[in-house]
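Colleague: Got a predicted model here, sequence first, then my questions.
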Amino acid sequence: GNLVIGALSGDLSVIASKVLLEFHAKYPHVQIQLFSIDDAVEKVKQNEIDLALTFMPKPDDSFIHIPLYQDEFFLVVQMDHAWSDREAIEFREIQSIPLILNPIGHCFRKLLEEACLFAEIGLQPIIESTDTKAILELVEEGIGATILSGKLFLLENKGDLKAIKITNPAFIKEVSILHH
């Protein structure tokens, strides 16, 4: 058979790759295609992929939802940033510093925008990119800060960055497998 999987770029793609090693060992005759995509939920809806590894969107009864884990997001700054000595920052405070974020329409950015609406704040990033490595390089250069999942931070940080806990509210999202 054939199994087509869509995963968000970045950490979820890495996690999917590791899980697929185990799956392939158990089912060596199943052809697997793994795509790193930002609109995995929509691709499942349109039957373009079989399942999505993604942040859980709003509840939707048209999917089978298998929760995997929760991932907390952090404000990521350069080590010598003015806030790098802080252990926590209130969500509302992130609007006061230059940010480098994924573009509008990106799955993570949609989640962030929903949180901003709830907190009644607006974000105006100075740079937008879909490339996590490029975003982190810009943060390392001191151009601005970003918001990143804890798992992706652990995978990508070379020691030049500091992750600051976001509070009031914390920014935590559930990672799930979705399929029909």
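Modeller: Alright, I've got the coordinates.

Colleague: what's the span of stretch 166-174, first residue to last?
Modeller: Using CA to CA, to the nearest Å, the end-to-end distance of stretch 166-174 comes to 16 Å.

Colleague: typo on my end, stretch 28-42
Modeller: With CA to CA as the measure, stretch 28-42 spans 28 Å from end to end.

Colleague: now do stretch 31-41
Modeller: Terminal residues of stretch 31-41 lie 21 Å apart, using CA to CA.

Colleague: Would you mark the buried spots in stretch 41-58?
Modeller: Counting neighbours by 16 or more other CB atoms under 10 Å, one finds that the buried residues in stretch 41-58 are 41, 43-45, 49-57. From N, CA and C alone the C-beta is placed, and that goes for glycine too.

Colleague: tell me the contacts of Leu101?
Modeller: Leu101 makes contacts with Arg109, Leu112, Leu123, Pro125, Ile127, Glu128, Ile135, Thr146, Ile147, as judged by CB atoms under 8 Å, 6 or more residues apart in numbering.

Colleague: Restricted to buried residues, select the residues you listed in PyMOL.
Modeller: Here is the PyMOL command that selects the buried residues among the contacts of Leu101 (16+ other CB under 10 Å):
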select buried, resi 109+112+125+135+146+147
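
Colleague: average pLDDT across stretch 7-27?
Modeller: For stretch 7-27, the mean pLDDT works out to 76.

Colleague: Contacts for it next, please.
Modeller: Applying CB under 8 Å, 6+ apart, the external contacts of stretch 7-27 come out as 5, 30, 32, 34-38, 40, 52-55, 71, 107-108, 130, 132, 149, 151-152, 155-156, 175.

Colleague: chain center to that stretch, what's the gap?
Modeller: Centroid separation between stretch 7-27 and its chain, computed with CA atoms, centre = their mean, to the nearest Å, is 16 Å.

Colleague: Nothing else from me, thank you.
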